[in-house]
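J.: Fold the stuff below for me.
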Amino acid sequence: MVDMNAKDMGLFINELRKENNMTQKELADKIHVTDKAVSRWERGIGYPDIQLLPSLAEALHISVAELISCKKSSNYSNEEVTNIIHNLDVYKKECFRQDRKADKISLVCMIFVAACVYVSGHGSIIGSLCIGAIFAMAVIGLYYLYYDNSTKRIYAFFSLLGLLLFIQFLIFMGMDYRWISYILTLYIFVILNMICR
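T.: Next comes the predicted model:
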């Protein structure tokens, strides 16, 4: 049984896109993602979201089974069908792993921000946790904006909204700009960590 990996799928998507005389931007527009998402797939830096597989396969003029198996074929043996099912399981586990990573990132950010607000004396424990949760919403929106390829606009919206609400709450609470700069440094660190991967 051959395991599907991101590099193989990326090369297959790249070949099919070129066979269909499409640019990354044209393919991205057809399936409603960014051209950067297509670029990441083709470079093997992750998989398309499982919900995108039918539309991606349609745009590339192949079946979902062919896309998952990373080869063109009209007939599949029982072993190949088993392999495709196994690959879907691997794919699902990878998506689950990314979600767990997002949970950990949001928890760390929320606790850090809540501690900064509470230690600075600008909020109760509950208030500090609420501010931390708003900041975590911004960071998670940013995380999924970078790693998930299905609904980019909603993630961008929540990332921007969360960051703006967060800054507004801190200013409203009269928090020292030094603490705000610490927290914004964390946000910038998260952004740079995502970009440098």
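J.: Quick check: the residue lying farthest from the centre of the chain vs W179, distance?
T.: Residue farthest from the centre of the chain, counting by C-alpha atoms, centre = their mean, is G121 at 34.7 Å. G121 sits 10 Å away from W179, going by C-beta to C-beta, to the nearest Å. For the C-beta atoms, the positions are set from N, CA and C on the backbone; glycine is no exception.
J.: the helices in this structure, which residues?
T.: Using DSSP state H, the helices of the chain run over 6-19, 24-31, 35-42, 53-59, 64-69, 78-119, 125-147, 152-172, 177-195.
J.: can you put those in JSON lines and add mean pLDDT and mean neighbour count?
T.: Shown next, in JSON lines, are the helices of the chain (pLDDT from 0 to 100; neighbours: other C-beta atoms under 10 Å):
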{"stretch": "helix 6-19", "mean pLDDT": "89", "mean neighbour count": "18"}
{"stretch": "helix 24-31", "mean pLDDT": "91", "mean neighbour count": "18"}
{"stretch": "helix 35-42", "mean pLDDT": "87", "mean neighbour count": "20"}
{"stretch": "helix 53-59", "mean pLDDT": "87", "mean neighbour count": "18"}
{"stretch": "helix 64-69", "mean pLDDT": "79", "mean neighbour count": "20"}
{"stretch": "helix 78-119", "mean pLDDT": "78", "mean neighbour count": "15"}
{"stretch": "helix 125-147", "mean pLDDT": "79", "mean neighbour count": "21"}
{"stretch": "helix 152-172", "mean pLDDT": "72", "mean neighbour count": "16"}
{"stretch": "helix 177-195", "mean pLDDT": "72", "mean neighbour count": "14"}
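J.: and stretch 82-101, how far from the chain's centre?
T.: The chain centroid and the centroid of stretch 82-101 are separated by 15 Å under C-alpha atoms, centre = their mean, to the nearest Å.
J.: And for stretch 100-109?
T.: 13 Å.
J.: How about residues contacting that stretch?
T.: By C-beta atoms under 8 Å, 6 or more residues apart in numbering, the residues outside stretch 100-109 that reach it are G132, F135, A136, M137, V139, I140, Y143, Y144, Y147, L186, V190.
J.: what sits against the second one?
T.: Going back to what we said before, that points to F135. The contact partners of F135, by C-beta under 8 Å, 6+ apart, come to C109, M110, V113, G162, L163, F166, I183, Y187.
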